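1. Next input, structure requested:
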Amino acid sequence: MRPRVLVTGVGTLLRGDEGFALEVVQRLAEQRLPAWVQLADHGIGRSRLQHDMLGDYDTTVLVDGTPHGGAPGRLWVADLDLLAPEAETNVLGPRPHRLTPAAELTLLRLLGGDASRLVVVGCEPRTTTGVGLSTDVHAAVDDAVTLITELVWGAPATVDSGGSTTARPG
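-> So this is what the prediction gives:
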């Protein structure tokens, strides 16, 4: 039996590059994905996200346009083991207007979630104001779609020495 995977985008189209995830999920919806993959566009609906994460998924891929200290448009991946003791303290960056991934993990555990893996696929934003994606982030959408498609088919994500993020066959 194949693992169940939830791929969800969080962010808002009204804050510039935070709309990255929503564009990625829309493009993924046009792809041929395995039947065990569920796509969701949670936008800023965090309570729906926690509810969906309770749906017995083995892996959740959380897509987000969020700062991680790189150049605008750079993709990054963080594979968080929800069962690891350090998962509750693994904060991926300041997000004053929403829960951090560490807080998401803690809340998921408190709600009885049993997913064992959370993969965050992020893109470094150029701007979080205005409507629409910057040129750098828009150019990263296709790479993110390819990366996530490979991830859901079973390829582990890695970051090469040049700082770009790729999925490689396991």
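2. just the helices in the chain please.
-> For the chain, the helices defined by DSSP state H occupy 20-29, 46-53, 101-110, 135-152.
3. Check which helices and strands the longest one is in contact with.
-> What it means is helix 135-152. strand 5-10, helix 20-29, strand 59-65, strand 75-81, strand 117-123, strand 165-167 (3 or more CB pairs under 8 Å, 6 or more residues apart in numbering; DSSP states H and E). C-beta here means a position set from N, CA and C on the backbone, and glycine is covered the same way.
4. where among the ones you listed is the average confidence lowest?
-> Here the lowest mean pLDDT among the helices and strands packed on helix 135-152 goes to strand 165-167, at a mean of 44.
5. which stretch in the helices of the chain has the least confidence?
-> For the helices of the chain, where the average pLDDT is lowest is helix 46-53, sitting at a mean of 55.
6. wait, Thr128 sits on Gly16?
-> Yes: at 4.9 Å, Thr128 counts as touching Gly16 under the criterion of CB atoms under 8 Å.
7. neighbour count winner among these two?
-> Gly16 (21 against 18; other CB atoms under 10 Å).
8. Next up, the contacts around Val119.
-> By CB atoms under 8 Å, 6 or more residues apart in numbering, the contact set of Val119 is 59-62, 77-80, 151, 157.
9. at 10 Å instead, please
-> 5, 7, 59-63, 77-80, 147-148, 151-152, 156-157 (CB atoms under 10 Å, 6 or more residues apart in numbering).
10. Going through those residues, which ones are buried?
-> For these, a neighbour count by 16 or more other CB atoms under 10 Å gives the buried set as 5, 7, 59-63, 77-78, 80, 147-148, 151-152, 157.
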